[in-house]
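S.K.: quick one, structure for this:
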Amino acid sequence: MNANNTQNNLERALVETGVIIKLGLDVYAAKVAICVQIDGATPQPSQLVPSERVLGWISALRARHPGARVVSCYEAGPIGYVLHRQLVAAGIENLVVTPQRLDTDGRRQKTDRLDARALAERLDRYIRGNRHAMSIVRVPTPAQEQARSLVRMRSQLMRTRRKHEARGRGVMLAQGIRVQGAWWSPAKWEKLVPTLPGWLRPIVEVWQRMALEADAEERKVREKLEEAAPSQLPRGIGALTWVTISREILDWSRFKNRRQVASYTGLCPGISQSGERTHYGSVNRHGNPAIRHALIELVWRLALWQPQYPPVRCLVEKSLSPRLRRKAAVAAARRLAIDLWRLATGQTTPENVGLTAPYAPRTS
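M.R.: Sure thing, here's the model as predicted:
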């Protein structure tokens, strides 16, 4: 009884001094590993809680510590942001962080409970002021997430079509029949069918039909995305490209300076420096891959349609080797992202950055 009173008095004292309860959540579809750290105390052993009982479990914890500030975090992943919104609605401060290697001491031990503890410890450092302890993910609004889902759905449909195309091509190649390009398109398929053995035709026809269906669905989604683009864009910047970049960015005003824009693209060079030795390597790819791919594609298109644009001028020159042209394209893509940000936020005009044609940006 005395022990219980002592514990209750301790908890009450912690609350009166502004205690913070930190929760590290290692989230999966069916279960969540939760590690609790009360203020600066040692993190408690992690517990596995069924997903449907997580909110109730945390509510019971809060009831035992009335008035305490509760902060939680979990890694971004397949579970999305539903749990985040549920936690926020329940009055809990939650952070969604980028996935990272949590076994930093090299013990080669990884369990859900250990991961939850590592998240709680990093959250503790983050709250105490170490902003490098975790990298916070920007959580989209429901409307932004719905708009972005169409962009990602189109990418998934394209990958699905390419898989069906490759499977059909592989089946035919195994029989000595070599095809190239979009062999599944109606015009090419009509010419290809008579050349296939009777037993092989129905097998390849399955992959042809599935590729055709995926392509048709991708076209429908593409048309919806293009309809959402501004009516006027600089020459070479297509409607689909603009919508893709804008919806992946979510909100152009999220960036405060050009360094943040460049970092988000993942097009900054990696660096290895020790003593007097400094080596700049390939891009770090620490950013949004969809943005990175769209920017690289856009750079080569601008080299064709707007060769006067300063970042792509070197790509027009024929004197550069293929390797240097690729490096120049990466640098141009990084500069292009910054210019698009400045244009979208009204900091400059197309003429000032070297682009021609009217420009009327709007976020989708």
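
S.K.: give me the residues contacting the helix or strand where Ser72 lies.
M.R.: Using DSSP states H and E, Ser72 sits within strand 69-75. Here strand 69-75 makes contact (C-beta atoms under 8 Å, 6 or more residues apart in numbering) with 18-27, 58, 61-62, 83-84, 87, 91-100, 119, 122-123, 126-127, 134. Any C-beta I mention is one placed from the backbone N, CA and C, and that applies to glycine too.

S.K.: so which of these are in strands?
M.R.: 20-27, 93-97 (DSSP state E).

S.K.: can you tell me how far Gln273 is from Ser263?
M.R.: Shown here: Gln273 relative to Ser263, a distance of 18 Å by C-beta to C-beta, to the nearest Å.

S.K.: correction: Leu173
M.R.: For Leu173, the distance to Ser263 - C-beta to C-beta - is 43 Å.

S.K.: coming back round to it: Throw together a PyMOL command that grabs the buried residues out of the contacts of strand 69-75.
M.R.: Here is the PyMOL command that selects the buried residues among the contacts of strand 69-75 (16 or more other C-beta atoms under 10 Å):
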select buried, resi 19+20+21+22+23+24+25+26+27+58+61+62+83+84+87+92+94+95+96+97+119+122+123+126+127+134
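
S.K.: Gln273 and Ser263: which is more packed in?
M.R.: Ser263 (16 against 9; other C-beta atoms under 10 Å).

S.K.: element containing the more buried one?
M.R.: helix 258-265.

S.K.: contacting residues around the helix or strand just after that helix?
M.R.: Next helix or strand after helix 258-265 toward the C-terminus (DSSP H and E): strand 269-274. Applying C-beta under 8 Å, 6+ apart, the contact partners of strand 269-274 are 278-284.

S.K.: closest to Ile296 out of those?
M.R.: Among these, Val283 lies closest to Ile296 (C-beta to C-beta), at 10.1 Å.

S.K.: need the pLDDT of that closest one.
M.R.: On pLDDT, Val283 comes in at 83.

S.K.: okay, now the closest residue in space to it that isn't next to it in sequence: neighbour count?
M.R.: Spatially, and ignoring its direct neighbours in sequence, Val283 is nearest to Leu267 (5.1 Å; C-beta to C-beta, 6 or more residues apart in numbering). A total of 25 residues lie near Leu267 under the criterion other C-beta under 10 Å.

S.K.: quick check: mean pLDDT of the helix or strand hosting Ala332?
M.R.: Following DSSP H and E, one finds Ala332 within helix 322-344. Averaged over helix 322-344, pLDDT sits at 92.

S.K.: that helix packs against which elements?
M.R.: If you count contacts as 3 or more C-beta pairs under 8 Å, 6 or more residues apart in numbering; DSSP states H and E, helix 322-344 packs onto helix 258-265, helix 289-305, helix 313-316, helix 350-353.

S.K.: indicate which one of the ones you listed is closest to Pro234.
M.R.: Checking the helices and strands packed on helix 322-344 against Pro234 by C-beta to C-beta gives helix 350-353 as the closest, at 5.6 Å.

S.K.: per-residue confidence at the residue nearest to Val283?
M.R.: 90.

S.K.: next, the buried residues of the helix holding Ser263.
M.R.: Buried-residue list, helix 258-265, by 16+ other C-beta under 10 Å: 261-265.

S.K.: pick out whichever of those sits closest to Ala76.
M.R.: Checking the buried residues of helix 258-265 against Ala76 by C-beta to C-beta gives Tyr264 as the nearest, at 14.6 Å.

S.K.: what's that closest one in contact with, if anything?
M.R.: With C-beta under 8 Å, 6+ apart, Tyr264 has these contacts: 249, 255, 287-288, 291, 337.

S.K.: how does it look with 6 Å?
M.R.: Gly287 (C-beta atoms under 6 Å, 6 or more residues apart in numbering).

S.K.: the one 3 residues further on now?
M.R.: Shown in contact with Leu267 (C-beta under 6 Å, 6+ apart): 283, 330, 333-334.

S.K.: how does it look with 7 Å?
M.R.: 283, 292, 330, 333-334 (C-beta atoms under 7 Å, 6 or more residues apart in numbering).

S.K.: with Lys31 instead?
M.R.: With contacts defined as C-beta under 7 Å, 6+ apart, the neighbours of Lys31 are 48-51.

S.K.: so where is the chain shaky, pLDDT-wise?
M.R.: 1-17, 104-106, 357-364 (pLDDT under 70).

S.K.: what residues of the longest helix along it count as buried?
M.R.: Looking across the chain with DSSP state H, the single longest helix is helix 142-173. Within helix 142-173, the residues that qualify as buried by neighbour count (16+ other C-beta under 10 Å) are 144, 147-148, 150-151, 154, 157, 160-161, 164-165, 167-169, 171-172.
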